[in-house]
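**Q** The following block contains a protein sequence and its predicted model.
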Amino acid sequence: MSDAPDCDPALLDQAVALARMAGESTLPYFRSIELEVEHKHDHTPVTVADRNAEALLRRELHALYPDDAIVGEEEADKAGTSGRTWIIDPIDGTKAFTHGVPLYSTLLAAVDEHGPLLGVICLPALPETVWAGRGLGCFLEGERCHVSDHDDVVGAYVTASALSNWPDGALAATHDAGAFVRTWGDAYGYALVATGRVEAMVDHQAAIWDVAPMPVIIGEAGGRFTDVTGVDTHEGGSGLATNGRLHDRFLDLLAGS
């Protein structure tokens, strides 16, 4: 990413505004006793709030950047000709959302021919937003933020979206190494890494829209993002974000060693 051109600050500002708009659109449904929860073919939950937030983002993005491609969780992909693709997760953490837990988020990312371009994690029920653009730094509510400088697994905090899908031996190895494991998961966990509040976030299973904002957010905060095998990609079906100093060690621990 070092040789790639910086993100246009105006584009990043627009992305932050759109993510916040979509996130705020979910709030009238949050903790509503009238909210109906459906289940998709993969048995994951979905609500009208998910669908409305994605429709809002698609509508606004198409109006602003009609030649851009769009990929989202709830609707079919939209092809584009510009070389830039927007990736949407209208509600990351729908289970949290439907259970009245305020740690769900709206995610928006863009990638271009050089790779990850920008990313936004909007946590509307907190409220809190973390964003980054390539070459521009990472920000929490407009203030520059950074990963932690903790350099020992002992005492490091590790968050995860789930513990049931860890490989045999990985969770025990992480505990035995002296790390503290917590389940402050989904995109909220990545926001915690980017802002220096925890040292690592693990997703053993993740779709592209779950982690598309993370390479640029974590990278611009001074950390490192890969899949759980160590490949620098948001398309590997998993995610590991760390403060960078501990990344290789956590890769070993997640392999059970």
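**A** Looks like it arrived, so ask away. Numbering: from 1, shown residues only.
**Q** Tell me who's in contact with Gly185.
**A** Shown in contact with Gly185 (CB atoms under 8 Å, 6 or more residues apart in numbering): Gly93, Leu103, Thr159, Ala160, Ser161, Ala162, Met201, Asp203. Any C-beta I mention is one placed from the backbone N, CA and C, and that applies to glycine too.
**Q** again, 7 Å this time
**A** Gly185 sits next to Thr159, Ala160, Ser161, Ala162 when contact means CB atoms under 7 Å, 6 or more residues apart in numbering.
**Q** Going by distance to Arg58, which of those wins?
**A** Ser161 (25.3 Å; CB to CB).
**Q** these two touch, right, the closest one and Trp184?
**A** No: judged on CB atoms under 7 Å, Ser161 makes no contact with Trp184 at a distance of 9.2 Å.
**Q** with the contacts of Gly185 in mind, which one is nearest to Tyr188?
**A** The shortest approach to Tyr188 among the contacts of Gly185 belongs to Thr159, at 8.0 Å (CB to CB).
**Q** three-state assignment of the closest residue to that closest one other than its chain neighbours?
**A** Nearest residue to Thr159 in three dimensions, chain neighbours excluded: Gly189, at 3.7 Å (CB to CB, 6 or more residues apart in numbering). Gly189 falls in the helix class when you classify it by DSSP: H, G, I helix; E, B strand; the rest coil.
**Q** mind listing what Gly189 touches?
**A** By CB under 7 Å, 6+ apart, the contact set of Gly189 is Thr159, Ser161, Met201.
**Q** Buried only: go through the contacts of Gly185 for me.
**A** Thr159, Ala160, Ser161 (16 or more other CB atoms under 10 Å).
**Q** buried stuff in the helix or strand containing Thr174?
**A** Thr174 is part of helix 170-176, with elements assigned from DSSP states H and E. Neighbour-count burial for helix 170-176 flags Ala170, Leu171, Ala173, Thr174 (criterion: 16+ other CB under 10 Å).
**Q** Spell out the residue ranges of the strands in this protein.
**A** 38-39, 45-46, 69-72, 85-92, 105-112, 115-123, 128-133, 137-140, 143-144, 157-160, 180-182, 200-203, 224-226, 239-242 (DSSP state E).
**Q** Give me the angle between the fifth one and strand 128-133.
**A** With axes from the mean of the first three to the mean of the last three CA atoms, to 10 degrees as the criterion, the two stretches strand 105-112 and strand 128-133 enclose an angle of 0 degrees.
**Q** One more: the longest one?
**A** Counting by the same axes, to 10 degrees, strand 115-123 points 170 degrees away from the direction of strand 128-133.
**Q** helices and strands around strand 115-123, which ones?
**A** helix 9-26, strand 105-112, strand 128-133, helix 186-194, helix 214-220 (3 or more CB pairs under 7 Å, 6 or more residues apart in numbering; DSSP states H and E).
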